[in-house]
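A.B. asks: Using only what follows, build the 3D model:
(4 chains)
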Number of protein chains: 2
Amino acid sequence: MQGFHRIGSAVNFAVACTLFTNDRAGSQMRKLARPTLKDVAQLSGVSEISVSRVMRNTPNISATLRKKVEDATKALGYTPNRVAGALASNSTDLLAVIVPSISNSVFPEVLDGIDSVLSRTRYRTVLGISHYDEQREEEIVEDLLSWNPSGIILTGFEHSLRSSQLLSDFPNPVIEIMDADGSPIDISIGVSHQQAGSMMADHLVERGYHHIGYIGAGGERASRSVKRRESFTNRLQELGVPLTRMLIEAGDSSVVLGKESCSRMLQSQPETDAIFFDNDDLVVGAYLHCLQAGISIPENLALAGFNGLPFIDAMPMKITTIRTPRLNMGIAAAELFLQRMSASKLEPVGSSRILMPLEFLAGETC
Amino acid sequence: MQGFHRIGSAVNFAVACTLFTNDRAGSQMRKLARPTLKDVAQLSGVSEISVSRVMRNTPNISATLRKKVEDATKALGYTPNRVAGALASNSTDLLAVIVPSISNSVFPEVLDGIDSVLSRTRYRTVLGISHYDEQREEEIVEDLLSWNPSGIILTGFEHSLRSSQLLSDFPNPVIEIMDADGSPIDISIGVSHQQAGSMMADHLVERGYHHIGYIGAGGERASRSVKRRESFTNRLQELGVPLTRMLIEAGDSSVVLGKESCSRMLQSQPETDAIFFDNDDLVVGAYLHCLQAGISIPENLALAGFNGLPFIDAMPMKITTIRTPRLNMGIAAAELFLQRMSASKLEPVGSSRILMPLEFLAGETC
DNA sequence: ATGAAAGCGCTAACAG
DNA sequence: CTGTTAGCGCTTTCAT
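C.D. replies: As a prediction, the model looks like this:
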């Protein structure tokens, strides 16, 4: 009962796998329909609605009723069908969350924040990944909204026309996270990337660097990166130290890419004396490059990153960066959502734009 | 219309945030009920079921009908309510996915794999994070199954009794990923962590190390880590080179923790000449520690990790590790799911256990 | 504190 | 190819 097998022709998944099979024909047949409220009601000799009330822990239920129902529930192994419940009650306890990426460790942290709040509630997360593509985001928005979720959290202010339309019409909370430089549809909570860019420009100029470069990644699909860079270069200009060199890599931000891109920039512009990176993984890669190439930091080259990712703390040298409150953005978004849900329907709720603080971490690299 | 505001009393989220508010009372009132099939049917002068068919792109629809319906749909801004559809058709196009963590970058990669396959289909992912806790997993399983998902993907073979019961009774595909050392409820797809452990034992002994240590993290809540470690130590024993020291850190695996734990082990057991780590971020931390402490690798100390995470490629030295096919596990799981969904209901489907290959990356650190 | 009736918005199963 | 008739399993509303 064993053999070899290849699966997944469609995708680039051509590794050979060992497949063990064991028949389960029996268990496949048994299609004993899942018990419903009706079954429980019949077995316990009460009405369906009473069972429903017990399941939902509605107030005012006698102990005897509850006991009868619970016994029958257990006996049948009944579990409620929330799809039916959602239709009847017109509410789903589902929170749609759309992030542009999940490889970029920034977003898992945000999701963790959201989950940490939601896990204590009845709400569940439905996830969509847009891959920094407005068109893709639109499809996901449309798809997720058709589930009639209790709310939606998505990233940034930039959406397709149709997305914006759908989101504006959506009656439940719409929370745009990560950014603060824009107008929310409903609620936004994030940091100012423009502020981040100019902060770093100020810092580098103050430290006396003259040949300042910028390295981005991911083809700069992320509007927040663009905002950061533009405000960085604008501020440099204002300060009379215009940007010397800009390099936007196509590949996703990563330590390896940071290493390569740093080497690349130094090769073409050896006079560069400071580089601001789109993300911390890039700056770490650059740091490791300098370590190997014998470039002393910050004397020969100054480095700065963005995000304040955890692993920078493990580097031999304290890396200058700007910490973003990722976990807190997730937590705050989820709490705002809950707050809205519990708010009386009558209470007037205005839209709001919440600005979270950035933390400049002056390290030893510039 | 501006002011300061504090939100989130419940959580440790005590940073001050700036809040901008602008009234939207008007848009709050408008509760113009979302249009339904009936509305579209009336406007276009056809039956509801015809509208339904057009929306679902059922075969055999005349161009005129389609046109009429599409016009009305657009005019009303109709979007289907999938909750109702799911109830009527008894199928949801929802795939439940439960992972133990999302901070551990291994799981985002798996999710990416799943998403890359699912994004081309009508299926959507509902996410649960169990935090390596069987009890929590049980709650999530129960909760997610009540949405009647089309399938469920979860991590490992170890589940609570009730979880196992619920999953066995679940009529749709149940896919257990990441591990291969166990019996699947339905389908499993993963690597053998036992094999990984003994592979590394063989390697280290072959290289002549005598004082071999092991460092784990996360309080070893992950059963796969335990399997790896046990098989590692057992194999060492067999080879006559028993483990010298074992250190299981409580904190989550991270580069910083790797640095600290390595230093800790060397302090208490300076004779240690090789360490096998639970995860690559730990080994990277250890490597950086050695770099700073002037410990030469592999002469003074040999290091080995597990997983083959991308950033090890950026290290100045090639780190010995074992690569796991994370993306492919996600892809394969999703493809198997789709395969099952498209399989005729009559086709007998057996359960299967799919073993994916590990890749031993012999580097320069041991 | 419990129940009866009605229906949420959609699709399955049959007609024609 | 299009329509009619019944529900899916639950909750709402209104009684009692």
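
A.B. asks: which stretch of helix or strand covers the closest residue to A:L282 other than its chain neighbours?
C.D. replies: Using Cβ to Cβ, 6 or more residues apart in numbering or on different chains and skipping the chain neighbours, the partner closest in space to A:L282 is A:G258 (3.4 Å). Using the backbone N, CA and C atoms, a C-beta is placed for each residue, glycine as well. Assigned by DSSP states H and E, A:G258 falls within helix A:255-268.

A.B. asks: Is chain B within reach of the helix or strand following that helix?
C.D. replies: Next along the chain after helix A:255-268, taking DSSP H and E as the criterion, comes strand A:274-277. No - using Cβ under 8 Å from any Cβ of the partner chain, we find that strand A:274-277 stays clear of chain B, coming within 13.7 Å at best.

A.B. asks: strand partners of strand A:274-277, parallel vs antiparallel please.
C.D. replies: Its sheet considered, strand A:274-277 pairs with strand A:212-216 (parallel), strand A:302-304 (parallel) by DSSP bridges.

A.B. asks: Now do the next helix or strand after that strand: distance to the chain's middle.
C.D. replies: Following strand A:274-277 in sequence order, the next helix or strand is helix A:280-293 (DSSP H and E). Distance, stretch centre to chain centre, for helix A:280-293: 26 Å (Cα atoms, centre = their mean, to the nearest Å).

A.B. asks: quick one: contacts of helix A:280-293?
C.D. replies: For helix A:280-293, the external contacting residues (Cβ atoms under 8 Å, 6 or more residues apart in numbering or on different chains) are A:105, A:215, A:217, A:253-263, A:275, A:277, A:295-297, A:300-301, A:303-309, A:311-312, A:315-317, A:319, A:321, A:365, B:311, B:314-316.

A.B. asks: now do 7 Å
C.D. replies: Helix A:280-293 is contacted from outside by A:215, A:217, A:253-259, A:261-263, A:275, A:277, A:297, A:301, A:303-309, A:311-312, A:315, A:317, A:319, A:321, A:365, B:314-316, using Cβ atoms under 7 Å, 6 or more residues apart in numbering or on different chains.

A.B. asks: Just give the nearest non-adjacent residue to the residue of the stretch 151-300 of chain A found nearest DNA strand D, would you?
C.D. replies: In the stretch 151-300 of chain A, the residue found nearest to DNA strand D is A:N172; the distance is 15.3 Å by Cβ to the nearest atom of the strand. Residue nearest to A:N172 in three dimensions, not counting chain neighbours: A:G151, with 4.9 Å by Cβ to Cβ, 6+ apart.

A.B. asks: Pull the contacting residues for the one you found.
C.D. replies: For A:G151, the contact set (Cβ under 7 Å, 6+ apart) comprises A:L95, A:N172, A:P173, A:I175, A:F337.

A.B. asks: Need the phi and psi values for A:Y123.
C.D. replies: With angles defined as degrees, to the nearest 10, A:Y123 shows backbone torsions of phi -80, psi 150.

A.B. asks: can you list the residues that contact stretch A:218-226?
C.D. replies: Contacts for stretch A:218-226 (Cβ under 7 Å, 6+ apart): A:100, A:132, A:156, A:158, A:178-179, A:193, A:216, A:248, A:250, A:252-253, A:278.

A.B. asks: to the chain's geometric centre, what's the distance from it?
C.D. replies: Stretch A:218-226 sits 15 Å away from the centroid of its parent chain (Cα atoms, centre = their mean).

A.B. asks: export that stretch as PDB, just CAs?
C.D. replies: What follows is stretch A:218-226 as a C-alpha-only set of coordinates in PDB (Å, rounded to 0.1, in the frame of the first residue of the first chain):
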ATOM      1  CA  GLY A 218      10.100  45.900  -4.700                       C
ATOM      2  CA  GLY A 219      10.000  48.200  -7.600                       C
ATOM      3  CA  GLU A 220       8.600  50.700  -5.100                       C
ATOM      4  CA  ARG A 221       5.100  49.400  -5.500                       C
ATOM      5  CA  ALA A 222       4.400  50.400  -2.000                       C
ATOM      6  CA  SER A 223       3.100  54.000  -1.900                       C
ATOM      7  CA  ARG A 224       4.400  54.400   1.600                       C
ATOM      8  CA  SER A 225       7.900  53.800   0.400                       C
ATOM      9  CA  VAL A 226       7.400  56.400  -2.300                       C
END
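
A.B. asks: And it, what's buried?
C.D. replies: Neighbour counts over stretch A:218-226 (16 or more other Cβ atoms under 10 Å in any protein chain shown) mark A:G218, A:E220, A:R221, A:A222, A:S223, A:R224, A:S225, A:V226 as buried.

A.B. asks: Just send these back as TSV, with secondary structure too.
C.D. replies: Output for the buried residues of stretch A:218-226, formatted as TSV (DSSP: H, G, I helix; E, B strand; the rest coil):
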residue	secondary structure
A:G218	helix
A:E220	helix
A:R221	coil
A:A222	coil
A:S223	helix
A:R224	helix
A:S225	helix
A:V226	helix
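
A.B. asks: what helix or strand is the residue nearest to A:A84 when sequence neighbours are not counted on?
C.D. replies: Among residues not flanking A:A84 along the chain, B:L87 sits closest, at 5.3 Å (Cβ to Cβ, 6+ apart). Assigning secondary structure by DSSP H and E places B:L87 in helix B:82-89.

A.B. asks: again with A:M200
C.D. replies: helix A:193-206.

A.B. asks: quick one: contacts of that helix?
C.D. replies: Identification of contacts with helix A:193-206 by Cβ under 7 Å, 6+ apart yields A:179, A:181, A:212, A:224, A:227-232, A:235-236, A:239, A:241, A:274, A:276, A:302, A:304, A:306, A:322, A:358, A:360, A:366.

A.B. asks: try it again with 8 Å
C.D. replies: Applying Cβ under 8 Å, 6+ apart, the contact partners of helix A:193-206 are A:179-181, A:212, A:224-225, A:227-236, A:239, A:241, A:274, A:276, A:302, A:304, A:306, A:320, A:322, A:358, A:360, A:362, A:366.

A.B. asks: Quick one: buried ones out of those residues?
C.D. replies: A:179-181, A:212, A:224-225, A:227-229, A:231-236, A:241, A:274, A:276, A:302, A:304, A:306, A:320, A:322, A:358, A:366.

A.B. asks: which residues touch the residue sitting nearest the centre point of chain A?
C.D. replies: Centroid check for chain A by Cα atoms, centre = their mean gives A:F107 as the closest residue, at 3.5 Å. A:F107 makes contacts with A:V99, A:P100, A:S101, A:T155, as judged by Cβ under 8 Å, 6+ apart.

A.B. asks: low pLDDT regions in the stretch 201-350 of chain A?
C.D. replies: Where the stretch 201-350 of chain A drops to pLDDT under 70, the residues are A:344-350.

A.B. asks: Flag every residue of it that's near chain B.
C.D. replies: The stretch 201-350 of chain A comes close to chain B at residues A:254-256, A:258-259, A:281, A:284-285, A:288, A:291-292, A:310-311, A:313-316, A:325, A:328, A:331-332, A:335-336, A:339, A:348-350, as judged by Cβ under 8 Å from any Cβ.

A.B. asks: Show me how to select, in PyMOL, the buried members of these.
C.D. replies: Of these, the buried ones go into a single PyMOL selection, burial set by 16+ other Cβ under 10 Å:
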select buried, chain A and resi 254+255+256+258+259+281+284+285+288+291+310+311+314+315+325+328+331+332+335+336+349
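
A.B. asks: Can you tell me, leaving aside adjacent residues, what's nearest to the residue located most distally from the centre of chain A?
C.D. replies: Ranked by distance from the centre of chain A (Cα atoms, centre = their mean), the top residue is A:G45, with 47.9 Å. Excluding its sequence neighbours, the residue lying closest to A:G45 (Cβ to Cβ, 6+ apart) is A:K68, at 6.9 Å.

A.B. asks: Can you find the residue of the stretch 101-250 of chain A that comes nearest to DNA strand D?
C.D. replies: In the stretch 101-250 of chain A, the residue that lies nearest DNA strand D is A:R122 (11.3 Å; Cβ to the nearest atom of the strand).
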